[in-house]
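> fold the following and give me the result.
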Amino acid sequence: MLRDRDSGALVRALRGALPYLRLFQGRTFVVKVGGEAVVPGAELDAWVAQLAILSRLGIGTVLVHGGGPQISDLQRRLGIEPTIVAGRRVTDRASLDAAVMALLGTVRAALLRAFRAAGARAVGLSGLDAGLVTASRRPPRVVEGREVDYGEVGEIESVDVAILRTLLAEGVVPVVAPISATATGQPLNINADTVAAHLAAALGAEKLILVTDAPGILGDPEDPHSLVSVTDPAGLDRLEEAGAIRGGMLPKAAAIRHAIAHGVASAHVVPRKVDDSILTEVFTTEGIGTMVIPHAHRFAGAVPAPAEERA
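Residues are numbered from 1 along each chain as shown. Modelled structure (predicted):
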């Protein structure tokens, strides 16, 4: 049995979460995790259990996953040295094969097993399924002072989220890998942050949640205590200009800008290594990571207004 002190804390937590439950039931969250979070074991089971809770509470939950470490490991086993430029993978034909095998095989299987263990229904998809994501091959571009051809990497042209809406209506969690294709069916690899942002926008999602190794967005990447709790797209621009957003955080910042510009009420960057970080960010005023909203000066620590009420 719970001790009186423990039961009191539980009741207070439930009461504190109630306004958020009322606000978010029936809405959609898109959550993105990287491959570093998809390692079979207690940690994977713990954060998947949080998504299972969201789904059971009536919050439509879509998971978009990467698989960087798994792809790099398979590339090396195939004799290919991975190349990452500005947080994005350079993908030749052989590397694309490795990405498909890792994302649609090893990573997907680990995630679906964890959802089954959590008692949640989940279905594995990719951008290839039901025309979910249509893309074109990214042309060479100048990055960090040099021209880079990212190879078999896509830029999103359109998304069709009908299959996601069908699954969500049945209480199923779609688990989406970022392998997509051109209109003629040529597979392309797309950054998972980018896919998550476009799906969130197309679904009219309430939240885009990016789960990372970092505590959130930092004012000083070398100082884990320099967490930026609340900001807006203009604040992201200032942080990027100051060099505080770099490397793998660059595509995340771009994804957040896209989501906010296309009607997603808020985007969140939360740490994966902290217990219950997703639930803490969603159901408490204090949160735990970084929240990005359209206009940070309007935030006063209250429950954020839903998407359709934002000015």
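
> in the stretch 1-150 of the chain, mark out all the helices, start to finish.
4-24, 42-56, 68-77, 93-101, 108-117 (DSSP state H, counting those that start in this stretch).

> quick one: the ones you listed as a markdown table, columns for mean neighbour count too.
From N, CA and C alone the C-beta is placed, and that goes for glycine too. Formatted as a markdown table, these follow (neighbours: other CB atoms under 10 Å):
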| stretch | mean neighbour count |
| --- | --- |
| helix 4-24 | 12 |
| helix 42-56 | 19 |
| helix 68-77 | 19 |
| helix 93-101 | 19 |
| helix 108-117 | 18 |
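
> among those helices, which comes closest to Thr184?
Closest to Thr184 of the helices of the stretch 1-150 of the chain, according to CB to CB: helix 93-101, at 15.7 Å.

> just want the angle from that closest one to helix 68-77.
130 degrees (axes from the mean of the first three to the mean of the last three CA atoms, to 10 degrees).

> could I get the average pLDDT for helix 93-101?
Averaging pLDDT along helix 93-101 yields 94.

> now do that helix: which elements does it pack against?
helix 68-77, strand 187-189 (3 or more CB pairs under 8 Å, 6 or more residues apart in numbering; DSSP states H and E).

> quick revisit: least reliable of the helices of the stretch 1-150 of the chain going by mean pLDDT?
What stands lowest among those, in mean pLDDT terms, is helix 4-24, with a mean of 63.

> hmm, back to that, as TSV, the helices and strands packed on helix 93-101 with distance to Ala177 would be great.
Formatted as TSV, the helices and strands packed on helix 93-101 follow (distance: least, CB to CB, whole Å):
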stretch	distance to Ala177
helix 68-77	11
strand 187-189	10
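
> quick one: least confident helix or strand in the protein?
helix 4-24 (a mean of 63; mean pLDDT, DSSP states H and E).

> before we move on, back to that, for the helices of the stretch 1-150 of the chain, which one sits closest to Pro294?
Nearest of the helices of the stretch 1-150 of the chain (CB to CB): helix 4-24, 17.0 Å.

> returning to that earlier point: let me have the helices of the stretch 1-150 of the chain in a markdown table, extended by distance to Ala244.
A markdown table is the format used below for the helices of the stretch 1-150 of the chain (distance: least, CB to CB, whole Å):
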| stretch | distance to Ala244 |
| --- | --- |
| helix 4-24 | 29 |
| helix 42-56 | 26 |
| helix 68-77 | 22 |
| helix 93-101 | 29 |
| helix 108-117 | 31 |
